[in-house]
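J.: got a predicted model here, sequence first, then my questions.
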Amino acid sequence: MVLMRTDGDTWDIVSSVGRTALGVATFRALESERPDPLITDGFARWFVEAAGDEHFTGLLADPSPLEAMPFFFPGFMGVRTRFFDEYFTAATAEGVGQAVILAAGLDARAYRLDWAPDVTVFEVDQPKVLDFKSGVLDGHGARPKVDRLPVAVDLREDWPAALEAAGFDPGRPCAWSAEGLLPYLPGAAHDALFERIDGLSAPGSRIALDGFGSATDVRRFLALRDKYFGGKSFGDIDVEALFYDDERADPAQWLTEHGWTVQRFSPVELTTGYGVEVPDLPDDLVELAQTPAYLTATK
Ligand SMILES: C[S@@+](CC[C@H](N)C(=O)[O-])C[C@H]1O[C@@H](n2cnc3c(N)ncnc32)[C@H](O)[C@@H]1O
C-alpha cells in the first residue's frame, strides 16, 4: 500500500482527508432526500454546493452511480449518522453537559439536534475545514441550537491543551465521538487519542466510535470497496492512500481494560433496529455487515 500522508500534513475541504468530509456530506444530503430517510440533514447540501467539487455536485444531481450498492451508499451514512445522533441526544438528555466531536468535518449536529439546555459542543478539526464550515453556515444565516465552540487543531498534536483553552472542563462528564476518524490517524496518534480521552474523562463520560480496527480490518474493507465500488465513491480521491494501516490498540479492548463498559454493534444490527430491511448482499459483504463496526462505552 502506498501512503501519501506525511507528519503534519494539512488540507482544506477539497483536498486530502478534508475531501472525505465533503464525501460524507454528499452521502448525508442524498440520504436526507430519499423517501423515508433515516436522518434529515438540510445543511449537508449547502456544503457540497459551496465547495463546488464536480464529482460530488455531480452525485447530488445524479446519484445513480451509487445505486448499485444502496445499503452502503448513501444508506450506510444514514445508519452511521443516526447512530451518533441518538448517542448524543441520549447522553445530553441524561445530564452529560459537554460534547466533544473529534474530527467534526461537516457534521451539523450543533445545528440539527435538539440538545438539552446548557450543553456545550466542542467541534475539533483542522482550521481550514472548520473555517469552510462556519463560513457556509454563517453565509446562510444558520444559528446553532447549542453553545458551539470550534477548536481548530490537529489531532496528532496537543489537542487537549487547545480543548481546555476553549473552555472544556475535565472535571465534568463528557460525551465524545470519533466518527469517520480512526483510520486517518497514525497508530501512535490513535493510541494517544484514547489515552488523552481517558485522562480528560470524568466518571459518567461516554464515547461513541466507528471505523475502528486493525490493519487487517482496514485492508479487508479496502479490498471489498475495490471489488464492489471500484474505489470511486469519493471520485478522484484514493481513500486508501489516506488511511494508516500500522498497528494500533483495539479500542474495545483498551477501553474495557481502562474501566469503561463497552457495547459494540454491527451495521446489520443497527439497520434492523432502525426498522430498515437489510437487502440481499453478496456473502463477503454479509460477513462485513455483521461485523461490529460501531461502539459506545461509558466510564
Ligand atoms: C471522513 S471525515 C468525517 C467527518 C465527520 N466526523 C463526519 O462524519 O461527517 C474525516 C474528518 O477527519 C478529520 N481529520 C482527520 N485527521 C485529522 C487530524 N489529524 N486532525 C484533525 N482532523 C482530522 C478531517 O479533517 C475530516 O473532517
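T.: Ah, there it is. Please read these numbers as outputs of a predicted model, since none were measured by experiment.

J.: give me the pLDDT for residue 71.
T.: Per-residue confidence (pLDDT) for residue 71: 58.

J.: could you pull out the strands for the stretch 151-299 of the chain?
T.: If DSSP state E, counting those that start in this stretch is used as the criterion, the strands of the stretch 151-299 of the chain fall at 174-178, 206-210, 261-265, 294-298.

J.: export the last one to PDB, keeping only CA atoms.
T.: So that's strand 294-298. Taking C-alpha atoms only, strand 294-298 is exported to PDB below (Å, rounded to 0.1, in the frame of the first residue of the first chain):
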ATOM      1  CA  TYR A 294     -19.800   0.800  16.000                       C
ATOM      2  CA  LEU A 295     -19.100   1.100  19.700                       C
ATOM      3  CA  THR A 296     -20.300   3.000  22.600                       C
ATOM      4  CA  ALA A 297     -18.700   3.000  26.100                       C
ATOM      5  CA  THR A 298     -19.400   4.600  29.500                       C
END
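
J.: which residues touch that strand?
T.: The contact list for strand 294-298 (C-beta atoms under 8 Å, 6 or more residues apart in numbering) reads 80, 83, 87, 204-210, 212, 251-252, 255, 260-267, 270. For the C-beta atoms, the positions are set from N, CA and C on the backbone; glycine is no exception.

J.: surely residue 182 meets residue 211?
T.: Yes. With contact defined as C-beta atoms under 8 Å, residue 182 counts as touching residue 211 (5.1 Å).

J.: about what we covered before: include distance to the ligand, mean pLDDT and mean neighbour count when you put the strands of the stretch 151-299 of the chain into a markdown table, please.
T.: A markdown table is the format used below for the strands of the stretch 151-299 of the chain (distance: least, C-beta to the nearest ligand atom, whole Å; pLDDT from 0 to 100; neighbours: other C-beta atoms under 10 Å):
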| stretch | distance to the ligand | mean pLDDT | mean neighbour count |
| --- | --- | --- | --- |
| strand 174-178 | 8 | 98 | 26 |
| strand 206-210 | 8 | 97 | 23 |
| strand 261-265 | 17 | 97 | 14 |
| strand 294-298 | 12 | 97 | 21 |
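
J.: nearest to residue 138, of those strands?
T.: strand 174-178 (23.5 Å; C-beta to C-beta).

J.: ok, back up a step: looking at residue 182 and residue 211, which is more packed in?
T.: Legend: neighbour count by other C-beta atoms under 10 Å for residue 182 and residue 211, higher for residue 182 (23 against 18).
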